[in-house]
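with the sequence up front, the predicted model follows.
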Amino acid sequence: MSRDDATLGESLIGHYAGAITRLAAFLLDLAIGIAVFNVVVAAGIWLINLFTSAQISTSRGSPWWFVPLGAWLFVYFWYCYELSGKTPGMALVGIRVVRGDGSDLRAGRAALRVIVLPISVSFIVLGCFGIVFGKYRRAWHDIVADTAVVYDFDARAARLRFLVRHPIATTPEH
Amino acid sequence: MATGSEIAGQPSPDRRPWPLRAVGDAAAGAATRGMHIAHRLGEAVVENLPLNEILDLVDIQALLDRVDVQQIIDRVDVQQIIDRVDVQQIIDRVDVEGIIDRVDVEGIIDRVDVEGIIDRVDVNAMIGKVDVNAMIDKVDVNAMIDKVDLNEVMGKVDLDALLGRTDLGKVIAQSTGGVASGAVDLVRRQGVGLDGFVARWAARLRPSLRDAPASPPLLAGGQV
């Protein structure tokens, strides 16, 4: 059994999540959030143009669009954290946010985490340095809001399901 | 020969001479007393007779061997005897409960060679004679199910063992949901593998990370 196999042989539920998984979840959430925002905005503008005489400009490069986009992303992340401790991207890769001691996240700390998140991302190397080299695997936004990100899926069960789908060919002993 | 007066119902006068008549009467009296004494003597003998000792001396088996029982049975009109017997009255007088209590059923069962009996039974032939469809038609399945306490039955079922014997994983893998779950599992497994790779390199650069806790305090030990 390789070292990876040994790692995947554990449940991993509640273990600190690693940098790659967290980065994948963040990118997925960013994509989902922006996609939903674009769809909702496009639908809204189409309806406004259809039923009113007002013409809303959708020209690219306008910095004002970052305001509603930022507000939307704040709501997206905050509501998901407060609701279940995980965003759709985090649910997909199997991680969730908890308080530093492992208890459930409350609305206030969730909001604080989302507010500091852009700062942490802006200084991606420094902000996320702690995820790789920190004792508690925490980025700046985790330290400020006293949160941690942990695995939320049973890696051992996933491995067993994988083995069922791809049984190892065994040579009969003679 | 009866005389005419005897026929008429009147006693005939004894015409024997006196000496003969006296001797005759005396002999008759003596005979009567003798019979009485013999009868009483017989009773006394029977009462005092050691019947058990006498019977011990008799070879009953030899005696029975000499008896032609079949001939005796042939002479007996059994049907007539049975017709005269009030069977119901006999049954009423029998203490069936008492008889059953005295019977050692366990002992009887122990002496029965059940295996031997079963070996001699042609079960296939027996089943072949049974009209299963007609039997099932007579069964009120709904009434039967109503009598069954399903909760109690389910309580006795070892679901873990049952699932262990079921190739559930293969069933899940073949379903559409199973395929989607497989894709998610793959993404997560790849992510965890890369996380481990990065963590190992980080631990090489900063060895103190090897002693770092794996999870927050409240989640240590797999608590969620």
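Received the coordinates, thanks.

any regions of chain B where pLDDT drops low?
In the predicted model of chain B, residues B:1-14, B:160, B:163-180, B:221-224 satisfy pLDDT under 70.

and it, which of its residues are near chain A?
Applying CB under 8 Å from any CB of the partner chain, we find that chain B lies next to chain A at B:169-170, B:172-173, B:178, B:181-182, B:184-189, B:191-200, B:202, B:205-206, B:208-209, B:212-220, B:222-224. All C-beta atoms are positioned from the backbone trio N, CA, C, and that covers glycine.

please repeat the previous calculation with a cut-off of 6 Å.
Along chain B, the residues adjacent to chain A under the rule CB under 6 Å from any CB of the partner chain are B:169, B:173, B:182, B:185, B:188-189, B:191-196, B:198-199, B:202, B:206, B:212, B:214-219, B:222, B:224.

for residue A:69, list the residues it contacts.
Contact criterion CB atoms under 6 Å, 6 or more residues apart in numbering or on different chains gives residue A:37 as the residues in contact with residue A:69.

measure the most centrally placed residue in chain B to chain A for me?
Among the residues of chain B, the smallest C-alpha distance to the mean C-alpha position (CA atoms, centre = their mean) belongs to residue B:105, namely 6.6 Å. Per CB to the nearest CB, to the nearest Å, residue B:105 is found 54 Å from chain A.

and the residues of chain B next to chain A, which are buried?
Under a neighbour-count criterion of 16 or more other CB atoms under 10 Å in any protein chain shown, the subset of these counted as buried comprises B:169, B:173, B:182, B:185, B:188-189, B:191-196, B:198-199, B:202, B:212, B:215-216, B:218-219.

among those residues, which are in strands?
Per DSSP state E, strands hold no members of these.

and the helix ranked longest in chain A, anywhere near chain B?
Here the longest helix in chain A is taken by residue count, with DSSP state H as the criterion, and it is helix A:19-51. Yes - with CB under 6 Å from any CB as the threshold, helix A:19-51 lies in contact with chain B, specifically through A:19, A:20, A:21, A:24.

for the last one, which non-adjacent residue is spatially closest?
Take residue A:24 and drop its neighbours on the chain: the residue closest to it by CB to CB, 6 or more residues apart in numbering or on different chains is residue A:93, 5.3 Å away.

and the one you found, what pLDDT?
The confidence metric pLDDT takes the value 91 at residue A:93.

count residues in the vicinity of the residue of chain A found nearest chain B, would you?
Nearest residue of chain A to chain B: residue A:18, at 2.4 Å (CB to the nearest CB). Look at residue A:18: counted by other CB atoms under 10 Å in any protein chain shown, it has 25 neighbours.

wait, what's in contact with the residue lying closest to it once chain neighbours are set aside?
Take residue A:18 and drop its neighbours on the chain: the residue closest to it by CB to CB, 6+ apart is residue B:195, 2.4 Å away. Remark: with contacts taken as CB under 6 Å, 6+ apart, residue B:195 is in contact with A:18, A:20, A:21.

make JSON lines out of those and add pLDDT.
Written out in JSON lines, the entries for the contacts of residue B:195 read as follows (pLDDT from 0 to 100):
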{"residue": "A:18", "pLDDT": "91"}
{"residue": "A:20", "pLDDT": "92"}
{"residue": "A:21", "pLDDT": "93"}
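
which of the residues of helix A:19-51 next to chain B has the most neighbours?
Ranked by neighbour count under the definition other CB under 10 Å, the residues of helix A:19-51 next to chain B are headed by residue A:21 with 25 neighbours.
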